[in-house]
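> Here is a sequence together with a model predicted from it:
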Amino acid sequence: MHSTKKDQLFVRGGKWDEPTLISLNDIPCGNWMGELLDEHKKASGAEQVQLKDLTEVLPELVSAAGYSKEILHPWYGRGW
């Protein structure tokens, strides 16, 4: 999850396969990770998942990464 405005945030995972802009009233319950405003943290009523140290995940991430010369497109803001 990622807070964008006081009353909206982007969420991905669970029932949202793609990053989706939702209202504060639609915050899903359960554990979360990301960057949230304090109000959004309180509204979720859930605990933030503790991320692993980069040195633990980097080797697998690099070995699984694909490389190309295709231009990157940010996921946020598409379709709005």
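Structure received.

> neighbouring contacts of stretch 71-78?
2, 4, 10, 18-19 (CB atoms under 8 Å, 6 or more residues apart in numbering). C-beta: built from backbone N, CA, C; applies to glycine.

> How far off centre is it?
14 Å (CA atoms, centre = their mean, to the nearest Å).

> rewinding a little: any chance of the contacts of stretch 71-78 in a markdown table, plus secondary structure and pLDDT?
Below are the contacts of stretch 71-78 laid out as a markdown table (DSSP: H, G, I helix; E, B strand; the rest coil; pLDDT from 0 to 100):
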| residue | secondary structure | pLDDT |
| --- | --- | --- |
| 2 | strand | 65 |
| 4 | strand | 73 |
| 10 | strand | 83 |
| 18 | strand | 87 |
| 19 | strand | 86 |
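
> CA atoms only for stretch 49-62, dumped as PDB, please.
Below are the C-alpha coordinates for stretch 49-62, written out as PDB (Å, rounded to 0.1, in the frame of the first residue of the first chain):
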ATOM      1  CA  VAL A  49       5.000  -6.500   7.800                       C
ATOM      2  CA  GLN A  50       8.700  -6.300   8.600                       C
ATOM      3  CA  LEU A  51      10.800  -6.400   5.500                       C
ATOM      4  CA  LYS A  52      13.800  -8.600   5.100                       C
ATOM      5  CA  ASP A  53      17.300  -7.100   4.900                       C
ATOM      6  CA  LEU A  54      18.400  -6.300   1.400                       C
ATOM      7  CA  THR A  55      21.400  -8.600   1.600                       C
ATOM      8  CA  GLU A  56      18.900 -11.500   2.100                       C
ATOM      9  CA  VAL A  57      16.800 -10.900  -1.000                       C
ATOM     10  CA  LEU A  58      19.200  -9.200  -3.400                       C
ATOM     11  CA  PRO A  59      20.900 -12.400  -4.800                       C
ATOM     12  CA  GLU A  60      17.600 -14.000  -5.700                       C
ATOM     13  CA  LEU A  61      16.200 -10.800  -7.100                       C
ATOM     14  CA  VAL A  62      19.200 -10.200  -9.300                       C
END
